[in-house]
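Peer 1: One predicted model, sequence on top.
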Amino acid sequence: MINVAVIGASGYTGLELVKILAGHPRFELAYVATSEGGMRLTELHPAMQGIFECDVHKADAAAVAASCELAFLALPHMTAMGFVKELMALGVKVVDLSADYRLKRETYEAHYVPHIDPENLEHAVYGLPELNREAIRSARLVANPGCYPTASILGLLPFTKYIDEDFPVFIDAKSGVSGAGKKCTTSTHFVSINENIFAYKPFEHRHEPEIREKLLLDSGKDFDINFVPHLIPATRGELIDAYALLKEEIDPIAVLKAYYADEPFVRIFENPVDIKACSGTNFCDIYAKVRGKKLYVNSSVDNIVRGSSSQAVANANLMMGLEENTGIPIIAYVP
Ligand SMILES: NC(=O)C1=CN([C@@H]2O[C@H](COP(=O)(O)OP(=O)(O)OC[C@H]3O[C@@H](n4cnc5c(N)ncnc54)[C@H](OP(=O)(O)O)[C@@H]3O)[C@@H](O)[C@H]2O)C=CC1
Ligand SMILES: CC(=O)N[C@@H](CCC(=O)OP(=O)(O)O)C(=O)O
């Protein structure tokens, strides 16, 4: 067994990590931490009663290094990079779920804060297996993608060579409330979001540069990405509707099927997708349609599973020489 740690276990992605790792055949969850620690895991998450129990510690890099080969960091960005720096210096491999190591330094600093760990940032690998599988296998630090970028990039990647970059690409995105983390704010308060839906940060969301940078690195095309997310009254799930103009007419389903023919965690649908069919799984579900040269791409992920925690475990599997699908959830929470 390979000992691993989860730092940030009291959060939503932390809980999903604990759930996946508790049933993982090759990883042993040997260290679990939050900001203060001092409780049992089932006090944090009663749902784990009878399944997995352990002490929860105050996060400490040296203690992680003493017991684990790899750590999952489910911490807010800005907090994460302090821990990553320490863990990397102690020889621990890291999968960081935050945004801290996803972007080039100049992109990060333009949209977040000054980076305190540029050396590790330089060598971090963006953890989207469909894009970077071989690099992930040999990486010591993997930056797990954002949830919206996971669904948006996977939806658009097969079409980048057909899209006319002289025209804007519009992405309309919708997310369940767990995407905002466990902290309750005015917009995530039950009364605000129940039976409601609203856009936030139109054309100003920090995932816009992440989508743009990764599509540019892969395709060489600097698409004019215009991203508008919405909050919806669901616990989990994310739906992307992207619109672009093509240079030529194509059969979009044939393009998707050819591009993802060998991918175990991308499913192509002949009808629009929803958030339920991939809920609780590592699948990204995709549908697309064209009218003349107008392209519509429709993709879906579970934000706290494929959009973060199961993708993080798939990355860790690759980093530790395991099969990518080891212990990865594939049965949806339906109906
Ligand atoms: N929610 C989502 O859909 C997605 C989230 N992410 C990213 O994953 C990360 C975690 O997100 P999420 O689970 O939603 O966040 P939550 O707000 O739900 O949880 C944050 C966790 O971080 C812990 N924490 C905060 N500060 C510290 C600290 N100084 N030391 C140790 N632990 C600390 C908290 O512990 P405590 O309870 O003790 O405060 C808590 O366990 C974020 O970077 C987020 O952007 C990525 C993709 C999707
Ligand atoms: C609904 C909601 O608030 N979602 C979050 C995205 C969460 C996420 O996964 O993004 P990072 O990992 O980059 O933080 C947001 O819009 O900021």
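Peer 2: Everything's here; your move. Ligands and ions are numbered 1, 2, ... in the order given.
Peer 1: what about the closest residue in space to D251 that isn't next to it in sequence, which SS state?
Peer 2: Nearest residue to D251, sequence neighbours excluded (CB to CB, 6 or more residues apart in numbering): V290, at 7.9 Å. Where you see a C-beta, it was placed from the backbone N, CA and C, and this is true even at glycine. Classification of V290 by DSSP: H, G, I helix; E, B strand; the rest coil places it in strand.
Peer 1: OK, contacts around V290?
Peer 2: Neighbouring residues of V290 by CB atoms under 8 Å, 6 or more residues apart in numbering: L246, E249, I250, D251, P252, Y296.
Peer 1: can you put these in CSV and add pLDDT?
Peer 2: Output for those, formatted as CSV (pLDDT from 0 to 100):
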residue, pLDDT
L246, 98
E249, 96
I250, 98
D251, 98
P252, 98
Y296, 98
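Peer 1: quick one: which of those residues sit in strands?
Peer 2: Among these, the members falling in strands (DSSP state E) are Y296.
Peer 1: Could you find the closest non-adjacent residue to the residue in the chain that ligand 2 sits nearest to?
Peer 2: Nearest residue of the chain to ligand 2: G179, at 3.0 Å (CB to the nearest ligand atom). Nearest non-adjacent residue to G179, counting by CB to CB, 6+ apart: N303, 4.6 Å away.
Peer 1: is it fair to say the one you found lies in a strand?
Peer 2: No: secondary structure of N303 (three-state DSSP): coil, not part of a strand.
Peer 1: shouldn't it be in contact with T235?
Peer 2: No: with contacts counted by CB atoms under 8 Å, N303 stays clear of T235, the gap being 9.8 Å.
Peer 1: Would you list the buried entries among the contacts of V290?
Peer 2: For those, a neighbour count by 16 or more other CB atoms under 10 Å gives the buried set as L246, I250, P252.
Peer 1: Redo these as CSV? Include distance to ligand 1.
Peer 2: Listed next are the buried ones among the contacts of V290 as CSV, based on distance: CB to the nearest ligand atom, whole Å:
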residue, distance to ligand 1
L246, 30
I250, 31
P252, 27
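Peer 1: Pull up the gap between the residue nearest to D251 and E263, please.
Peer 2: Applying CB to CB, to the nearest Å, the value for V290 to E263 is 22 Å.
Peer 1: how about the helices in the stretch 101-250 of the chain?
Peer 2: Here the stretch 101-250 of the chain has its helices, by DSSP state H, counting those that start in this stretch, at 105-111, 118-123, 129-137, 147-156, 190-193, 207-219.
Peer 1: Alright, that wraps it up for me.
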